[in-house]
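1. Next one to model:
(one chain, ligands or ions: 2)
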Amino acid sequence: MHIPPSSRLLQNTKPVALYSSQQVYAMEQEWFAQGYDSFALMQQAAWQMTQHIINIYYQKQSCIANGVACRHDDRQPRVSIWVGSGNNGGDGWLIAHYLQQAGWQVQVITVGIENIENSNAFADMDSAVVSDAIKAQRMAVAAYCSYQRFEDSEFVLHNQENRLMQADVYVDALFGIGLDRALTSIYKQAIQSFNQVVKSSHTLSKHALVIAVDIPSGLVASTGQVFEQVAIQADVTLCLIARKFGLHTKDGMDYAGEVLDIPLIPYTKIKPVALLLNRAHGLSVRRQNSYKGSYGHVLIIGGNRIDGSQGMGGAAILASASAMATGAGKMTVACHQAFHGALLTSLPDAMTIDLHDQKGVKHLIKEASVIAIGMGFGRDETAKVLFIDYMQAAMTEGKSIVIDADGLYHLASLQIDKHSVVGQLREYSTKHKVCLTPHSGEAARLLDKSVAEVEMDRLAAIKQCADIYGGSWVLKGAGSLILEQVLEPTLEQELEERHVYVCGVGNAGMATAGMGDVLSGVTAGLLAQQDLADDQRSLRQAVLIHGLAGDVLVHQQSCPSNKNVSLFIGERGLQAQDMPAAIRHVMHLITI
Ligand SMILES: NC(=O)C1=CN([C@@H]2O[C@H](COP(=O)(O)OP(=O)(O)OC[C@H]3O[C@@H](n4cnc5c(N)ncnc54)[C@H](O)[C@@H]3O)[C@@H](O)[C@H]2O)[C@@H](O)CC1
Ligand SMILES: [K+]
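-> Ligands and ions are numbered 1, 2, ... in the order given. You can find the predicted model right below:
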């Protein structure tokens, strides 16, 4: 569910702590070590999930007609619960049992369970050798919950149409945090079949509800990875014990639907792997008694044209317009001369210089407060020489630096040693602000890995980038990750592991050309404004403002014929050139 951005901006939403699977297992172990029983925890989990399922189902069934809630359908709801062999499956069996007690028509579909004990044997229920999942299964079977093996279905045996029960609610209890590798064939078939049965249950008037227990099966809780796009497509995920990192980055948001927490364990000392951010820092108002010099001078170095090609002037235009939209005081753009006219037409407040005028650009580096380099900069040898020269000048002058796109390309091609630009930058970034903004393709090059390797573990990738190159990083993508450098850290700060942040705003409409240039501009624009506090011009603030601006564009635009009416214009067709106006709007909304 999307919350309109203007109201979200005003919400006092705290960062949400995100954890890996290993950390959640550790929390459970801590809990059990205090003497709490594991099967009791599973029963609590299942009981609370059952109440949620009932509530969500009836809320969905209710419609508001003339202010009176009415129910569409009074027959007992039908639920199809798909269970695997682990404890996630155990949760599913218990939910089946409790929903049956509540009068629902229940069918359990098992996957990967060889023997279902068709007995009422509670004799050894207390025995430690009986797993929680088996206990749960026995309870459900003893209560006469009907079940069927997926392996025995027509779908698997004869490759025929799926005749598994059509239901109002489908519960996915195949895999939870135990899934850590690509699915084997039968599970892949089961998940595809689940999604297909759900689809065929949808009618014009009815949309079957899909609830995932803990995490949608197929999604890896620690990384957000889905293999070959096979995962349960949930409407709601009931997240047990602690919020999983994988629900909010990479594929997670495409499969999880709305996430509801069921905390179960009241307290943990375990430090989360990341914090999910939804809210930008409030900005202070500007002093009346100020002038353009009070808000910094941004120098954008990019927008090149190589060998008579069409070139990349747009990158410099988008970055500079976005930096100005954040409130930077002054702007110079060092781009190819061919684009000076176009640049001045769209941004007459900018000054221009030829990107190849080394003496002139280096003089401007001295003048500027922030350098943003690399957007459409070019990748040829001449560009590489310029990149090294300008980087060294910026470091000699002690400037804040933003490196993006082709700048990252050149950085990746340099030797990683103490004496190269890479080594100098690493050292420099301990005392000065340096922001690096790759997407996973650029990060892969910087780390000498494949894109798939980076995507498989984005958290590890951003940490490696920061370890090797120093500075503050954003790894762009769905649920962008941010890891910031602490300047001149105390010994305590040096020993403490830094937080990784996950950007919880933004949308898929922003997956278009030029959006990265916009982010570099926002980052540089904020860095330039020394009147703002450190948090207010941090890299994470830039990423949030960028995402919120994208959300503003997707959700709201006033109708030209009636300013009181809002048009909701959606994600498709969102363009980077629309962003500066929205950035300015967001800057206004967060000024307090
Ligand atoms: N008492 C407890 O320990 C509790 C556990 N809970 C549930 O237990 C879940 C975790 O249970 P489990 O650790 O048993 O793990 P899962 O039930 O998530 O997975 C079952 C097994 O599948 C195997 N597996 C992993 N990837 C596979 C693949 N690609 N193909 C085939 N098999 C694969 C794993 O080895 C794992 O043991 C949580 O997500 C949560 O739903 C909750 O009931 C809360 C209490
Ligand atoms: K699940």
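
2. So residue 353 sits against residue 361, correct?
-> Yes: if you go by C-beta atoms under 8 Å, residue 353 and residue 361 touch, sitting 6.1 Å apart. The way it works is simple: take the backbone N, C-alpha and C, and place the C-beta from them, glycine included.

3. Between the two, which has more neighbouring residues?
-> residue 361 (22 against 18; other C-beta atoms under 10 Å).

4. picking that back up, intersection of neighbour lists for residue 353 and residue 361?
-> residue 334 (C-beta atoms under 8 Å, 6 or more residues apart in numbering).

5. ends of stretch 361-376, how far apart?
-> Using C-alpha to C-alpha, to the nearest Å, the end-to-end distance of stretch 361-376 comes to 16 Å.

6. What about residue 202, how many residues nearby?
-> Neighbours around residue 202, by other C-beta under 10 Å: 11.

7. residues in contact with it?
-> Counting by C-beta under 8 Å, 6+ apart, residue 202 touches residue 208.

8. and what of the one 10 residues further on?
-> With contacts defined as C-beta under 8 Å, 6+ apart, residue 212 is in contact with 171-172, 232, 234, 236-238, 255-257.

9. and the top helix by length along the chain, what does it pack onto?
-> Longest helix in the chain, counting residues (DSSP state H): helix 38-61. When contacts are defined as 3 or more C-beta pairs under 8 Å, 6 or more residues apart in numbering; DSSP states H and E, helix 38-61 packs onto helix 21-33, helix 87-101, helix 132-142, strand 169-173, strand 209-213, strand 236-240, strand 258-262.

10. excluding its backbone neighbours, what's nearest the residue most central in space within the chain?
-> The centre of the chain sits closest to residue 479, judged by C-alpha atoms, centre = their mean, with a distance of 1.5 Å. Using C-beta to C-beta, 6 or more residues apart in numbering and skipping the chain neighbours, the partner closest in space to residue 479 is residue 249 (3.3 Å).

11. Can you report how many residues neighbour that neighbour?
-> 26.

12. I'd say it and residue 478 touch.
-> Yes: the pair residue 249 / residue 478 is scored as a contact, 6.6 Å apart, by C-beta under 8 Å.

13. Distance-wise, check the closest residue to ligand 1 within the stretch 301-450 of the chain relative to ligand 2.
-> Residue of the stretch 301-450 of the chain nearest ligand 1, by C-beta to the nearest ligand atom: residue 450 (21.2 Å). For residue 450, the distance to ligand 2 (C-beta to the ion, to the nearest Å) stands at 29 Å.

14. Now the nearest residue to that residue once chain neighbours are set aside: phi and psi?
-> Leaving aside its chain neighbours, residue 450 sits nearest to residue 444 (6.0 Å; criterion: C-beta to C-beta, 6+ apart). Main-chain dihedrals, residue 444, degrees, to the nearest 10: phi -60, psi -40.

15. shouldn't residue 444 be in contact with residue 458?
-> No: under the criterion of C-beta under 8 Å, residue 444 is not in contact with residue 458, lying 11.0 Å apart.

16. Looking at these two now, which is surrounded by more residues?
-> Using other C-beta under 10 Å, the more surrounded residue of residue 444 and residue 458 is residue 458, with 25 against 19.

17. Quick check: the more buried one vs ligand 2, distance?
-> 22 Å.

18. Touching, that residue and residue 224? I think so.
-> Yes: using C-beta under 8 Å, residue 458 makes contact with residue 224 at a distance of 7.3 Å.

19. re the thing from before, could you pull up the residues touching the residue nearest to residue 450?
-> Residue 444 is in contact with 450-451, 453-454, 461, counting by C-beta under 8 Å, 6+ apart.

20. All the strands of the stretch 401-550 of the chain, in order from the start?
-> All strands of the stretch 401-550 of the chain, identified by DSSP state E, counting those that start in this stretch, fall at 434-436, 472-475, 481-483, 500-503.

21. looking at those, which is buried most?
-> By mean neighbour count, with neighbours taken as mean count of other C-beta atoms under 10 Å, strand 434-436 ranks first of these at a mean of 28.

22. What number of neighbouring residues does the closest residue to residue 225 other than its chain neighbours come out with?
-> Nearest non-adjacent residue to residue 225, counting by C-beta to C-beta, 6+ apart: residue 456, 5.7 Å away. If you count neighbours by other C-beta under 10 Å, residue 456 ends up with 17.

23. what does residue 14 give?
-> Residues near residue 14, counting by other C-beta under 10 Å: 11.

24. pLDDT wise, what is it at?
-> Note for residue 14: predicted pLDDT of 87.

25. before we move on, what about residue 139?
-> 95.

26. Which residue is the nearest non-sequential neighbour of it?
-> Spatial nearest neighbour of residue 139, chain neighbours left out: residue 97 (5.3 Å); criterion: C-beta to C-beta, 6+ apart.

27. Go ahead and confirm the residue nearest to residue 225 touches residue 223.
-> Yes: between residue 456 and residue 223 a contact is recorded at 6.4 Å, counting by C-beta under 8 Å.

28. List of residues touching stretch 20-35?
-> Under C-beta under 8 Å, 6+ apart, the answer for stretch 20-35 is 19, 38, 41, 177-178, 180, 220-222, 240-242, 244-245, 265, 268, 270, 272-273.

29. Restricting to these, which residues neighbour ligand 1?
-> 38, 41, 177-178, 180, 240 (C-beta under 6 Å from any ligand atom).

30. now, which of those sits nearest ligand 1?
-> residue 178 (2.1 Å).

31. Could you give the backbone dihedrals for the closest one?
-> Torsion angles, degrees, to the nearest 10, at residue 178: phi -80, psi -20.

32. pLDDT wise, what is it at?
-> Predicted confidence (pLDDT) for residue 178: 97.

33. show me the residues around it that make contact.
-> 21, 86-88.

34. Between the residues you listed, which sits nearest residue 465?
-> Nearest to residue 465 among the contacts of residue 178 is residue 21, at 23.4 Å by C-beta to C-beta.

35. What count of nearby residues applies to that closest one?
-> When neighbours are counted by other C-beta under 10 Å, residue 21 comes out with 21.

36. Which residue is the nearest non-sequential neighbour of it?
-> Among residues not flanking residue 21 along the chain, residue 177 sits closest, at 3.8 Å (C-beta to C-beta, 6+ apart).
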